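Undergrad: next one to model:
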Amino acid sequence: MSKKFSKLGVSEAFQKSLADLAITIPTDIQVKTIPLVLSAKKDIVALAKTGTGKTAAFGLPLLQLIATDSSQIQTVILAPTRELGQQIYANLVSFSKHSPAIKIASICGGTPIKPQIEQLKSTTHVVVATPGRLVDLIQKKAINLKNVAYLVLDEADEMVTALKQDLDPIVAELPESRRTLLFTATMPGAIKQLVQNYLNKNVMHLEADMETIGHQGIDHQYIVVEPIEKLDVLLHFLSSREGEQGIIFCKTKAAVNKLAKNLAINKFSSGALHGSLTQAIRDRVMGQFRDGHLKLLVATDLASRGIDVKNIGFIINYHLPETYDLYVHRSGRTARAGANGLSLTILQQEEEAEIPVFEKELGISFHRIKKASAASIEETNTLLWATRIFKTKPNREVSDDFKNKIKTIFHHLTKEELIEKVLANHLEQHSSVLPKEASLAAKKKK
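TA: Numbers count the residues shown, from 1 in each chain. Reported below is the predicted structural model:
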């Protein structure tokens, strides 16, 4: 067990859970937050980047403060998306492994509400919710928040719109004596206004090593391409990182669907994620990605909001994010838990002027890399073409008579001769720049 967590005031039962999870060294936000949640009485505003261990920072002390002799809800945690809510719920369940008396419920949107209503009829100490679903339960008088001692707003900057609409009816159900803990990766004006409106005047402000931790271990790169080259450059990059998991961010749902289709055509193991998909499909795609069955996730910024998947080797900005905050949330999906990662942005020439502004606003440095040569890209495209052929299933509807006619044309060729001819035919039709080896082979044939 970790003596360092013990010094923060974390009890033995939760230290055991941390040991089971191989968590031994507290992060900066955990060091600063845990003792204050356990001992202080004021509201807290914590500024911390994604991937810094915020869930444990508020989850461990709040679980420890639960009065298990009561059956009432004592802590409410609000998250911007169901995906983040599920992640927080799973973490809290892991933290409370050796404290079975603590009962935790996930009541996020996108799933049937009736089972959640039934669950809330039994003992529940901690509720993890999305704002809209919590308001639905309040309106149905299916949840009692009169004994809540702690309200947590996690990733507050990512749910400003939802909070503007739903926070009033939620707060109206909470006792005035509650403590509010707000966690955010950025501090836009809307969050400052929210702090003024809903938190105690004597609120304590924390900041977790913002200069380094949020971007620690991330190599920020960009590459400049012509619009017509964009997909080919992406495919070349993905081919060079075969076997690694990554997320590709697009600006619109239509762009996600189009790119996901192109990746599927080229036999990449990928899935699409955006807000117009049903919750069941989103859950299935995220589950497959989290389990490693999908190597690539093509997504709108929905996926940048708190998704905690280990071993993401890279993220790609297929479109430059519209805000600096979005870049933080996107790039924060890689280099999790002390690992290293790559954040690659694919730009058009006129967008390159944005890079110095991003560097200044975020306090990071980008490295421009050269795009691959035309010959190298075309070689990759040819290899992808070969892979598509290899993975294509035979057409069972073709008649045996027609198949025999085709076989008659090729019957005198060896396997090697057939491959050479098919490759030469492909290069003649699709290549403007022949790879050196293919070019030499074509000359020999002539």
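
Undergrad: what about the strands in the stretch 201-350 of the chain?
TA: Shown for the stretch 201-350 of the chain, the strands assigned by DSSP state E, counting those that start in this stretch span residues 204-207, 218-225, 245-249, 270-273, 296-299, 312-317, 341-348.

Undergrad: pairing partners for the first one, with directions?
TA: What that stands for is strand 204-207. strand 44-47 (parallel) (DSSP bridges).

Undergrad: what's the spacing between the partner strand and its chain's center?
TA: In terms of Cα atoms, centre = their mean, to the nearest Å, the centre of strand 44-47 is set 22 Å apart from its chain centre.

Undergrad: and if you look at stretch 406-424?
TA: With Cα atoms, centre = their mean, you get 46 Å for stretch 406-424.

Undergrad: which one of the strands of the stretch 201-350 of the chain lies nearest to Leu21?
TA: Nearest of those to Leu21, taken as Cβ to Cβ: strand 312-317 at 18.9 Å. Glycine gets a C-beta too; all of them are placed from N, C-alpha and C.

Undergrad: who touches whichever helix or strand Gln116 is part of?
TA: Counting by DSSP states H and E, the element that carries Gln116 is helix 113-119. For helix 113-119, the external contacting residues (Cβ atoms under 8 Å, 6 or more residues apart in numbering) are Ala105, Ile107, Arg133, Asp136, Leu137, Lys140, Ala142.

Undergrad: out of the strands of the stretch 201-350 of the chain, nearest to Arg178?
TA: strand 204-207 (15.4 Å).

Undergrad: any idea how far Asp232 is from Leu418?
TA: For Leu418, the distance to Asp232 equals 27 Å [Cβ to Cβ, to the nearest Å].

Undergrad: let's have the contacts of helix 113-119 in TSV, adding pLDDT and secondary structure.
TA: Output for the contacts of helix 113-119, formatted as TSV (pLDDT from 0 to 100; DSSP: H, G, I helix; E, B strand; the rest coil):
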residue	pLDDT	secondary structure
Ala105	97	strand
Ile107	95	strand
Arg133	95	helix
Asp136	96	helix
Leu137	97	helix
Lys140	95	coil
Ala142	96	coil
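
Undergrad: now, of those residues, which are buried?
TA: The neighbour count (16 or more other Cβ atoms under 10 Å) marks Ala105, Ile107, Arg133, Asp136, Leu137, Ala142 as buried among those.

Undergrad: hang on, Leu84 packs against Ala129?
TA: No: counting by Cβ atoms under 8 Å, Leu84 sits too far from Ala129 to count as a contact (11.1 Å).

Undergrad: and Arg133, how far from Ser106?
TA: Plainly put, Arg133 is 10 Å away from Ser106 if you go by Cβ to Cβ.

Undergrad: if we can go back for a sec, and the contacts of helix 113-119 as a markdown table, adding distance to Glu351?
TA: Output for the contacts of helix 113-119, formatted as a markdown table (distance: Cβ to Cβ, whole Å):
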| residue | distance to Glu351 |
| --- | --- |
| Ala105 | 45 |
| Ile107 | 42 |
| Arg133 | 38 |
| Asp136 | 41 |
| Leu137 | 44 |
| Lys140 | 48 |
| Ala142 | 49 |
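
Undergrad: nearest residue to Tyr89 other than its sequence neighbours?
TA: The spatial neighbour of Tyr89 that comes closest, neighbours along the chain excluded (Cβ to Cβ, 6 or more residues apart in numbering), is Ser106 at 4.0 Å.

Undergrad: list the contacts for the one you found?
TA: Going by Cβ under 8 Å, 6+ apart, Ser106 touches Gly85, Gln86, Tyr89, Val128, Ala129.

Undergrad: Ile369: which of these is nearest?
TA: Ile369 has its nearest neighbour among these in Gln86, at 35.9 Å by Cβ to Cβ.

Undergrad: report the secondary structure state of the closest one.
TA: helix (DSSP: H, G, I helix; E, B strand; the rest coil).

Undergrad: per-residue pLDDT, the residue lying closest to it once chain neighbours are set aside?
TA: Spatially, and ignoring its direct neighbours in sequence, Gln86 is nearest to Ser106 (6.2 Å; Cβ to Cβ, 6+ apart). Per-residue pLDDT puts Ser106 at 95.
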